[in-house]
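Enquirer: What follows is a protein structure lacking sequence information:
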(Lines give C-alpha, C1' and ligand atoms only; values in the text may rest on other atoms or scores of the structure.)
Protein backbone atom coordinates (compact mmCIF):
# COMPACT_ATOMS: atom_id res chain seq x y z
CA UNK A 1 0.00 0.00 0.00
CA UNK A 2 1.20 3.49 -0.78
CA UNK A 3 -0.92 6.00 1.16
CA UNK A 4 0.37 8.84 -1.04
CA UNK A 5 -2.11 7.58 -3.62
CA UNK A 6 -4.98 8.67 -1.40
CA UNK A 7 -4.27 12.41 -1.26
CA UNK A 8 -3.61 14.54 1.78
CA UNK A 9 -6.65 13.58 3.89
CA UNK A 10 -5.66 13.00 7.51
CA UNK A 11 -7.20 11.51 10.62
CA UNK A 12 -5.98 11.16 14.18
CA UNK A 13 -4.66 8.12 16.01
CA UNK A 14 -4.27 7.55 19.73
CA UNK A 15 -2.31 4.56 21.04
CA UNK A 16 -2.35 3.79 24.75
CA UNK A 17 -2.27 1.06 27.37
CA UNK A 18 -3.73 1.13 30.86
CA UNK A 19 -0.75 3.09 32.16
CA UNK A 20 1.01 4.66 29.14
CA UNK A 21 0.05 7.02 26.32
CA UNK A 22 2.27 6.19 23.32
CA UNK A 23 0.76 8.79 21.00
CA UNK A 24 -2.31 10.95 21.33
CA UNK A 25 -4.23 12.63 18.51
CA UNK A 26 -1.31 12.26 16.09
CA UNK A 27 -2.27 13.08 12.51
CA UNK A 28 -1.69 10.30 10.01
CA UNK A 29 -2.64 9.42 6.43
CA UNK A 30 -3.08 5.68 6.98
CA UNK A 31 -2.66 2.87 9.51
CA UNK A 32 -1.78 -0.75 8.75
CA UNK A 33 -2.32 -3.55 11.25
CA UNK A 34 -2.72 -7.33 11.43
CA UNK A 35 -5.44 -9.46 12.94
CA UNK A 36 -5.90 -13.22 12.83
CA UNK A 37 -7.28 -12.99 9.29
CA UNK A 38 -4.30 -11.03 7.92
CA UNK A 39 -3.18 -7.48 7.25
CA UNK A 40 -5.58 -4.59 6.74
CA UNK A 41 -5.40 -0.82 6.26
CA UNK A 42 -7.32 2.09 7.71
CA UNK A 43 -7.63 5.09 5.39
CA UNK A 44 -9.44 8.43 5.79
CA UNK A 45 -13.24 8.09 5.97
CA UNK A 46 -13.01 4.42 6.99
CA UNK A 47 -16.22 2.93 8.37
CA UNK A 48 -16.47 2.50 12.13
CA UNK A 49 -15.16 -0.91 13.19
CA UNK A 50 -13.33 -2.79 15.92
CA UNK A 51 -10.69 -5.52 15.69
CA UNK A 52 -8.24 -7.42 17.89
CA UNK A 53 -4.76 -6.77 16.45
CA UNK A 54 -1.34 -8.34 16.95
CA UNK A 55 2.36 -8.14 16.00
CA UNK A 56 2.71 -4.54 14.79
CA UNK A 57 1.03 -1.31 13.80
CA UNK A 58 2.38 0.83 10.97
CA UNK A 59 1.60 4.55 10.89
CA UNK A 60 1.98 6.75 7.82
CA UNK A 61 2.34 10.27 9.26
CA UNK A 62 1.98 13.28 6.98
CA UNK A 63 5.29 14.07 5.22
CA UNK A 64 7.27 11.57 7.31
CA UNK A 65 8.61 8.06 6.95
CA UNK A 66 6.32 5.29 8.10
CA UNK A 67 6.59 4.30 11.76
CA UNK A 68 6.65 0.65 12.87
CA UNK A 69 5.27 0.02 16.35
CA UNK A 70 5.78 -3.55 17.61
CA UNK A 71 2.95 -4.79 19.83
CA UNK A 72 1.86 -8.00 21.49
CA UNK A 73 -1.93 -7.64 21.23
CA UNK A 74 -4.40 -4.81 21.28
CA UNK A 75 -7.81 -3.60 20.24
CA UNK A 76 -8.14 -1.21 17.32
CA UNK A 77 -11.28 0.88 17.08
CA UNK A 78 -12.26 3.27 14.31
CA UNK A 79 -14.85 5.75 15.52
CA UNK A 80 -16.07 8.77 13.56
CA UNK A 81 -13.05 8.64 11.29
CA UNK A 82 -10.40 8.46 14.02
CA UNK A 83 -8.38 5.47 15.24
CA UNK A 84 -7.92 4.39 18.85
CA UNK A 85 -5.64 1.50 19.80
CA UNK A 86 -5.68 0.07 23.30
CA UNK A 87 -2.70 -2.20 24.01
CA UNK A 88 -2.43 -4.97 26.57
CA UNK A 89 0.17 -4.64 29.31
CA UNK A 90 2.51 -7.10 27.55
CA UNK A 91 3.37 -4.69 24.75
CA UNK A 92 6.89 -5.24 23.44
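Expert: It's in. Computed from a predicted structure; not experimentally measured.

Enquirer: Do a quick rundown of the strands in this protein.
Expert: Applying DSSP state E to the chain gives strands spanning 11-16, 21-35, 38-42, 49-61, 67-79, 82-87.

Enquirer: Would you mind giving the ones you listed as a markdown table with mean neighbour count and mean pLDDT added?
Expert: Yep, even glycine has a C-beta here, placed from its N, CA and C like the rest. Listed next are these as a markdown table, based on neighbours: other C-beta atoms under 10 Å; pLDDT from 0 to 100:
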| stretch | mean neighbour count | mean pLDDT |
| --- | --- | --- |
| strand 11-16 | 19 | 95 |
| strand 21-35 | 17 | 94 |
| strand 38-42 | 14 | 96 |
| strand 49-61 | 17 | 95 |
| strand 67-79 | 15 | 94 |
| strand 82-87 | 19 | 96 |
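
Enquirer: Bridge partners for residue 26, pull those for me.
Expert: Applying DSSP bridges to residue 26 gives these bridge partners: residue 13.

Enquirer: Enumerate every residue touching it.
Expert: Going by C-beta atoms under 8 Å, 6 or more residues apart in numbering, residue 26 touches 12-14, 59, 61.

Enquirer: Report the central residue of this protein.
Expert: residue 31 (4.3 Å; C-alpha atoms, centre = their mean).

Enquirer: got a list of what it touches?
Expert: 13, 41-42, 57-60, 76, 83.
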